[in-house]
Every structure is written in structure tokens, then in C-alpha cells.
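Trainee: with the sequence up front, the predicted model follows.
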Amino acid sequence: MHNIKSWEGMLDLTKVATISLAFVVAACSPPGSSRVTQDVESSLVQSMPSGVEAISFLGDTLTPPLQPDDVRAVYMERYEEAERALDVAPANVDSLIWMGRRTAYLGRYRDAIDIYSEAIGLHPEDARLYRHRGHRYLSVRELDKAIADLERAAELTEGRMDEVEPDGLPNAMNIPTSTLQFNIWYHLALAHYVAGDFEAALDAQRNCLKVSVHPDSVVATSYWMYMTMRRLGLEDEAQELLDSIDAGIEIIESVAYLDLLLLFKGERSLGDLIGPSGDAATLQSTTTSYGLGVWHLLNGRLDDAHGVWESILEGRNQWSAFGYISAEGELARSAVR
């Protein structure tokens, strides 16, 4: 089990209960009934001490992840480049977006949210700003705000031509694999999924698959979509989706997602996918471990699933990873049932 880390010593247990309540409200309330959750989130943000980026769904304080010196040096160099560009053109929307992205890569998610909020004040009709702010609201566990932003981004892009989104952290081949509309629907689906609203997640995933033009995007969307369908009891549709995935598909980034889909197909073994955990956990091992937990769950091994998800949370440096956030959500929902 998790120890609740402190705000100036010990986090008040009333606040922990309030955090859990906010998560339950977000997960269980119908659309349009999120005012209580928003009020709770606002109260928590106002009382959050300096240096804390978020409060987990289980009540833990989350601080900026530690980064290797060489990685942080590169991130700082790019941050300073973005800062200089913004000094030259402080109202330029592209400069503001890159300033927000570079700030977030340093683990300063709340500062990034503030940058996007300022930019929205200047450019309220630019869908990219809501897409990026929504992503970072997801990072800091403010699901209602993430969903509102991403739904707004979807509205602003409806009927418009999609556009390739430049990578902030380019892959080995320096080839962008996603688009603006893909990222809107992908993150919206994930926010609903983490909250346990699988029907809303599936609706967003269906839209996401329609705009998934790169094989990496198809694989990533199919991974989350398969798990969602299984959890909704849509066995035939889930199997049809799984059958469409081939081990020979050429991907660049979505290796963990493809491996997990192949595990679900019976073409990979559990032993092939177990990776480092705890302080040695990586983004890929965190991603894989969450999927392994779902694999146990779908095979009727709830205790094993919970054990895997608990182990993910020992790798605190990966707390902004989608696998970590999802594991947190699973355990938080289980705790209040």
C-alpha cells in the first residue's frame, strides 16, 4: 500500500478523503454535473505548496520527475530557445505553444498550464491551445478540466482539415506520427478511460481511429480501444479489432502498445514483456506494466492485476506516464467500491 506523503509534514487526511471524493465524482457523475469536482480541484490547487505539481488520485503529492543531467541539459537548452523566441514575439501563438511544451518537458506542468491559459486569452479560437492545456490537466489529475478543454478543441476542429503536429521530443527517425485531431481525441479518450467512463472513452476512441493515419497512431488507439471494448463486454468487436493488428506492422514509437496487443492475441508471452520497475522504471516499462495488469484483469486475476498496478506506483519518477495515471485510476476506483 502507499504511504501518503506530506504537505509540510503530513497531508491532512480530510484533504485525502476530499481528493478521493473528487475522483469518484469525476468518474461517476453524468456529463454536466461536474461543479462539485471543479470546486474541490480549485480548493486543492489554491492550497498546494510550492514545488508540488499534483495530488494523485490516491492522495500522494507529486513533484517534478527527476531527469538525468544530460537529458535535462538538452531540455533546458530547448526551453531557453523557446524563451528567446517568445521574447521576440510575446503574443505569437506558436511561440506560446512551444514555451508551454518546453516548460512541461521540464516537469513544470502547472507553469505550462498557466502559459496555455494566457495564450487562450489572446487566441481563444485556436484549438491547439486547448489540446495542449487539456493534456497537461490530465497530467496533473484534473480530469474535468482536461475533458472540457479537449471537447472544446474537438469543437474548434470539427469540419476542418487535419494537420500534422510537430514532435516536441522527436523519435529516432525524426518523423512525426500524429496529428492535431488525433491528439485531441486520443487524450480525450484517455481522460474518460482514467475516470472509468468507458462508454465515453469508446466514443472518443472511435473518432480517434478515424483520424489515425500513421501506423503508430493506429496501434496506440487500437490498444486502448481493445481494452475499453473488453471492459464494456463488446467481445466480438474487440476480437475483430485485435484481428486487424499484424505483428509485421511497421511502427516507430508504439512498440509497447504493439507488444501488448500481441500479448492479447496470444502471440507474446508474459515473460517477454516484464521490464524494470521501481526507481529503474522507464516510460516503456510503465506503459507495458499497466497493460499486463489489464491482461490479468481480463483473465479473471484481479489480485494479480492490482499487484502489477501497485508495483507501477513504486516508480514515482514516471508519474506523468499514461500507464502510471491509468494504474492510479484503477486503484482509486477499486478503493471506493
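Mentor: It's in. Residues are numbered from 1 along each chain as shown.
Trainee: so, low pLDDT: which residues of the stretch 201-337 of the chain?
Mentor: Low-confidence segments of the stretch 201-337 of the chain (pLDDT under 70): 336-337.
Trainee: go again using 90 as the cut-off
Mentor: 271-272, 274-277, 279, 335-337 (pLDDT under 90).
Trainee: the stretch 51-200 of the chain now?
Mentor: Ranges of the stretch 51-200 of the chain meeting pLDDT under 90: 51, 167-174, 176.
Trainee: mind listing the strands for it?
Mentor: Using DSSP state E, counting those that start in this stretch, the strands of the stretch 51-200 of the chain run over 54-55, 61-62.
Trainee: and the strand or helix carrying Ala305, what does it pack against?
Mentor: Element membership of Ala305 [criterion: DSSP states H and E] is helix 302-312. Judged by 3 or more Cβ pairs under 8 Å, 6 or more residues apart in numbering; DSSP states H and E, the packing partners of helix 302-312 are helix 283-298, helix 322-335. In this view, the C-beta of every residue, glycine as well, is placed from N, C-alpha and C.
Trainee: how about Ile147: what's its closest non-neighbour residue?
Mentor: Leaving aside its sequence neighbours, Ile147 sits nearest to Ala191 (Cβ to Cβ, 6 or more residues apart in numbering; 5.0 Å).
Trainee: hmm, the one you found is touching Leu150, no?
Mentor: Yes - assessed by Cβ atoms under 8 Å, Ala191 is found in contact with Leu150 at 6.6 Å.
Trainee: now for the two: what residues contact both?
Mentor: Gly134 (Cβ atoms under 8 Å, 6 or more residues apart in numbering).
Trainee: would you mind writing the CA trace of the top helix by length along the chain as CSV?
Mentor: Ranked by residue count and defined by DSSP state H, the top helix of the chain is helix 69-88. C-alpha atoms of helix 69-88 as CSV (Å, rounded to 0.1, in the frame of the first residue of the first chain):
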residue,chain,number,x,y,z
ASP,A,69,21.7,15.5,-16.2
ASP,A,70,22.3,15.1,-19.9
VAL,A,71,18.6,14.9,-20.7
ARG,A,72,17.8,17.9,-18.5
ALA,A,73,20.6,19.9,-20.2
VAL,A,74,19.0,19.3,-23.6
TYR,A,75,15.5,20.2,-22.3
MET,A,76,16.9,23.4,-20.7
GLU,A,77,18.6,24.4,-23.9
ARG,A,78,15.4,24.0,-25.9
TYR,A,79,13.5,25.8,-23.1
GLU,A,80,15.8,28.7,-23.4
GLU,A,81,15.4,28.8,-27.2
ALA,A,82,11.6,28.9,-26.7
GLU,A,83,12.0,31.6,-24.2
ARG,A,84,14.1,33.7,-26.6
ALA,A,85,11.5,33.2,-29.3
LEU,A,86,8.8,34.3,-27.0
ASP,A,87,10.7,37.5,-26.0
VAL,A,88,10.8,38.4,-29.7
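Trainee: show me what counts as buried in that helix.
Mentor: Tyr75, Arg78, Tyr79, Ala82, Ala85, Leu86 (16 or more other Cβ atoms under 10 Å).
Trainee: tell me how far that helix lies from the chain's centre.
Mentor: The chain centroid and the centroid of helix 69-88 are separated by 24 Å under Cα atoms, centre = their mean, to the nearest Å.
Trainee: what's the answer for stretch 162-182, then?
Mentor: With Cα atoms, centre = their mean as the basis, the mean position of stretch 162-182 lies at 17 Å from the chain mean.
Trainee: start at 47, not 1
Mentor: Sure, I'll start numbering at 47, so the last one becomes stretch 208-228.
Trainee: what's that stretch in contact with?
Mentor: 144, 147-148, 151, 173-174, 177, 200, 203, 229, 232, 254, 257-260, 262-263, 267, 298-300.
Trainee: tell me how far the closest residue to Ile358 other than its chain neighbours lies from Tyr125.
Mentor: Nearest non-adjacent residue to Ile358, counting by Cβ to Cβ, 6+ apart: Ala373, 4.3 Å away. Counting by Cβ to Cβ, to the nearest Å, the gap from Ala373 to Tyr125 is 29 Å.
Trainee: test my guess that Val354 contacts His342.
Mentor: Yes - between Val354 and His342 a contact is recorded at 6.4 Å, counting by Cβ under 8 Å.
Trainee: so those two - more neighbours on which side?
Mentor: The neighbour comparison of Val354 against His342 (other Cβ atoms under 10 Å) goes to Val354, with 24 against 19.
Trainee: can you redo the helices and strands packed on helix 348-358 as a markdown table with distance to Ala250?
Mentor: Compiled in a markdown table, the helices and strands packed on helix 348-358 are given as follows (distance: least, Cβ to Cβ, whole Å):
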| stretch | distance to Ala250 |
| --- | --- |
| helix 329-344 | 18 |
| helix 368-381 | 14 |
